[in-house]
Structure formats: structure tokens, C-alpha cells
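**Q** the sequence and its predicted three-dimensional model are supplied below.
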Amino acid sequence: MHTFAYMAFYKSISDHYDAIFPLNPMQPDFVLKSFEKASGLKVLDVGCGTGSLCLALAPHFREVIGIDPDEMMLKLAIEKAGGDQPGLSFHPYGMLDLEKHDIFNEKIDGLPTIENDSIKFVRNYHYTDRSALDFETILSIKESGEEIRNTISLFPILKDELIRLVQKAGFHDILVYGNFKRDPYLPGSIPLLLQATS
């Protein structure tokens, strides 16, 4: 995936990101229930967006680090944090250097459409070859009637490959879930949640 296309995609929706992806209370709850004593631990949120999850976790952990390659998202996260919060930081990094991996075993057409009073966000997959897909999004802003369309290339990885990469990075006690309720992961589960210990 080209960094430019990725950045342009998220820059185009950054002002509406929180309307598209409001913080689900089950997300911080999921993280907090993963640890007996969170106060001495450090947490990394990869792809933190506008930082909502980081902000919800910051009071509970020694340190919370949010990373996202989109500087506009990080700017919004820092503004949302509202000044100096000890133990909370945001950095312009991402996971764009992942090698290409095999496509999903089950070729799903896309992710569920997100719709609320403010927006409608359609997310479709178009398969291009064995190792890539085009992720097409259509964001409709209901108040203004504006429509923002984007397409970026993604290189998804399968659950087993993700587990292998996490193990290779030195993590262990790996648990995989199909949602924030901690239901078992099944083929086709959205999202795929992985919990591991370093």
C-alpha cells in the first residue's frame, strides 16, 4: 500500500472519524478485564485514530501510547486530550511496512455499513489478486449531503499468520476472540481481537 493513498484516505474522513467510529464502551472494558492490575502496565494502541480509546484507558494504566500514521488524526487526538496528561502520548507511526500476505480464506464482500444520525459509511472489498484487495469506502455526511469516496489497497493477513508474527515478536499466552464480549473467534468473525503477553 502506498503511504500517500493511505494518508489521503484518512485525511479525507478525519473530521468525521468520531461520528463513524464512536468509542464503544466494550473496548476499554475488554482491555481492562484483560489484566488483574492495570495501574503498573503500559498499553500500546496501534492505529489509535483520534485517540478515544487511549483517553479512556489513560486513567487506568501507567502509560498509554497511541500510534497512527495519519498526522491529522493525531492532531485531533492531542486536541481531544486537552493538554498535558502524564503517561499519555501520541506518535506518528503505523504498521504499513507489513509484508504482503495471503488473502482471507473466505472472501467477504466488505465490512458492515456504519450508519447513525450524522453519517453513513459503506465499506466494500474488491479482490485484485491473491495477495491484495481494494478497500472502497463511501462516506455520506447527512447534514450537508457531501459524499467522500476513497479506494486504497490492503494486504490482509490471516489469523494464523497474525499469531505467528505476534509470537515471533516475543509475545506469548495468545488469546483470540471474535468480539469485545470475548466470544470465541470463528471464521468470518468481525473483528478479530488478539490478546497477548510480552
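**A** Thanks, I have it. Numbers count the residues shown, from 1 in each chain.

**Q** mind listing the strands for the chain?
**A** Assigned by DSSP state E, the strands in the chain fall at 42-46, 63-67, 88-91, 110-115, 119-129, 132-141, 147-154, 172-177, 193-197.

**Q** rebuild the ones you listed as JSON lines, extending it with mean pLDDT and distance to A56.
**A** All C-beta atoms are positioned from the backbone trio N, CA, C, and that covers glycine. Listed next are those as JSON lines, based on pLDDT from 0 to 100; distance: least, C-beta to C-beta, whole Å:
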{"stretch": "strand 42-46", "mean pLDDT": "87", "distance to A56": "10"}
{"stretch": "strand 63-67", "mean pLDDT": "90", "distance to A56": "9"}
{"stretch": "strand 88-91", "mean pLDDT": "90", "distance to A56": "11"}
{"stretch": "strand 110-115", "mean pLDDT": "86", "distance to A56": "19"}
{"stretch": "strand 119-129", "mean pLDDT": "84", "distance to A56": "22"}
{"stretch": "strand 132-141", "mean pLDDT": "88", "distance to A56": "24"}
{"stretch": "strand 147-154", "mean pLDDT": "87", "distance to A56": "27"}
{"stretch": "strand 172-177", "mean pLDDT": "91", "distance to A56": "19"}
{"stretch": "strand 193-197", "mean pLDDT": "88", "distance to A56": "16"}
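
**Q** among these, which comes closest to S34?
**A** With respect to S34, and counting by C-beta to C-beta, the nearest of the strands of the chain is strand 193-197 at 5.4 Å.

**Q** give me the contacts around the closest one.
**A** 30, 34, 162-163, 166, 171-180, 185 (C-beta atoms under 8 Å, 6 or more residues apart in numbering).

**Q** that strand to strand 172-177, inter-axis angle?
**A** Strand 193-197 runs at 160 degrees relative to strand 172-177, counting by axes from the mean of the first three to the mean of the last three C-alpha atoms, to 10 degrees.

**Q** thank you kindly, that will do.
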